[in-house]
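Enquirer: Fold the following and give me the result.
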Amino acid sequence: MLFGYRIVRTLMPLVHAFGQRPDSWSRRFAAILNAGQRPFHVINYLGSCGGGQALATSTMIRLMDRTIHSLQRKLAAETNENLAVTMHFPTAWDPYFRDAMSVLDVYHYGTLRSPPETAHTL
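Expert: Okay, the predicted model is just below:
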């Protein structure tokens, strides 16, 4: 879950930025990322192999607490209009990415970390 919430923190500025641009900008960005899906999947797999070993449990707990508190503060400051801002996502990168996702969808994304039956493979 820590990884999922850290991804949300990273994605949020992108969604806000691309959501203010023409739809074609994020559509092209997602297409470029989808074109590079193979190296992404290899790096993602290798990172997950050692991810749980890199940090001590106490460090992960502190990092999770800070990440969740940060996201809670940011979510509380969002307006309804901001929560509705959308951008296109590289659906080949993650089984939980949809073609277009709103800021609200991205906040929810961090909780969706159990592999579905349709998970992408290398």
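
Enquirer: any weak-confidence spans in this protein?
Expert: Counting by pLDDT under 70, the chain contains low-confidence ranges at 41, 44, 47-48, 50-52, 113-122.

Enquirer: If we use 50, what do you get?
Expert: Scanning the chain for pLDDT under 50 picks out the ranges 116-122.

Enquirer: Quick one: the strands in it, in order.
Expert: Using DSSP state E, the strands of the chain run over residues 86-88, 100-102.

Enquirer: distance between the last one and the chain's centre?
Expert: Taking the mean C-alpha point of strand 100-102 and that of its whole chain, the gap between them comes to 11 Å (Cα atoms, centre = their mean, to the nearest Å).

Enquirer: same for that strand, what does it pack against?
Expert: Here strand 100-102 touches strand 86-88, going by 3 or more Cβ pairs under 8 Å, 6 or more residues apart in numbering; DSSP states H and E. In this view, the C-beta of every residue, glycine as well, is placed from N, C-alpha and C.

Enquirer: chain center to the strand it packs on, what's the gap?
Expert: That offset, for strand 86-88, works out to 12 Å (Cα atoms, centre = their mean).

Enquirer: thinking again about what came up before, between the strands of the chain, which one is closest to residue 112.
Expert: Closest to residue 112 of these is strand 100-102 (Cβ to Cβ; 11.3 Å).

Enquirer: distance of the closest residue to residue 70 other than its chain neighbours from residue 23?
Expert: Excluding the flanking residues, the one nearest residue 70 by Cβ to Cβ, 6 or more residues apart in numbering is residue 9, at 6.6 Å. Separation of residue 9 from residue 23 (Cβ to Cβ, to the nearest Å) stands at 24 Å.
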